[in-house]
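Enquirer: Sharing a model prediction with you, sequence too.
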Amino acid sequence: MQFTELNAEAQSITIPESIVNVFAQSVRANLEALMLDADMPLTLFENQEYEQVKTYLQASILQMQYLLNNVELLDTLQKK
């Protein structure tokens, strides 16, 4: 479980909008990369490379968890 509460000093820091925009572009690029690779496990499956399919899917789960955390952070930053 992640610690989600920031200390009071950190909460008062204002992050420039330009940095938030760059972060948003980064999140979008990572989402696009994830979608472009979406057909890879199907190709591996069709070639009966099941171990590689499992490995790919596990890596994709981790990547999606990181992206979810980044989207949640971006949402929080844009609400400030």
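Expert: Received the coordinates, thanks. Numbering: from 1, shown residues only.

Enquirer: Next, work out how far apart Q48 and A33 are.
Expert: Between Q48 and A33 the computed distance is 26 Å (C-beta to C-beta, to the nearest Å). Every C-beta, even on glycine, is put in place using the N, C-alpha and C of the backbone.

Enquirer: Revised request: answer the last question for L67.
Expert: Per C-beta to C-beta, L67 is found 10 Å from A33.

Enquirer: give me the number of residues near Y66?
Expert: Taking other C-beta atoms under 10 Å as the neighbour definition, Y66 ends up with a count of 11.

Enquirer: same check, this time on D39
Expert: In terms of burial, D39 registers 9 neighbours under the definition other C-beta under 10 Å.

Enquirer: Nearest to the spatial middle of the protein, which residue is it?
Expert: Here the mean C-alpha position of the chain is nearest to the C-alpha of L67 (C-alpha atoms, centre = their mean), at a distance of 1.1 Å.

Enquirer: returning to what we had before: quick one: which of Q48 and A33 has more around it?
Expert: Neighbour tally, Q48 and A33, criterion other C-beta under 10 Å: the higher count belongs to A33, 11 against 8.

Enquirer: Just the CA coordinates for stretch 39-52, please, in PDB.
Expert: The C-alpha atoms that make up stretch 39-52 are tabulated as PDB, following Å, rounded to 0.1, in the frame of the first residue of the first chain:
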ATOM      1  CA  ASP A  39      -1.300  -6.500 -30.500                       C
ATOM      2  CA  MET A  40       2.000  -8.000 -29.400                       C
ATOM      3  CA  PRO A  41       0.500 -10.600 -26.900                       C
ATOM      4  CA  LEU A  42      -1.900 -11.700 -29.600                       C
ATOM      5  CA  THR A  43       0.900 -12.300 -32.100                       C
ATOM      6  CA  LEU A  44       2.800 -14.200 -29.500                       C
ATOM      7  CA  PHE A  45      -0.300 -16.300 -28.600                       C
ATOM      8  CA  GLU A  46      -0.900 -17.100 -32.300                       C
ATOM      9  CA  ASN A  47       2.700 -18.400 -32.400                       C
ATOM     10  CA  GLN A  48       2.000 -20.500 -29.300                       C
ATOM     11  CA  GLU A  49       4.700 -18.700 -27.300                       C
ATOM     12  CA  TYR A  50       2.800 -18.900 -24.100                       C
ATOM     13  CA  GLU A  51       5.700 -18.100 -21.700                       C
ATOM     14  CA  GLN A  52       6.400 -14.900 -23.600                       C
END
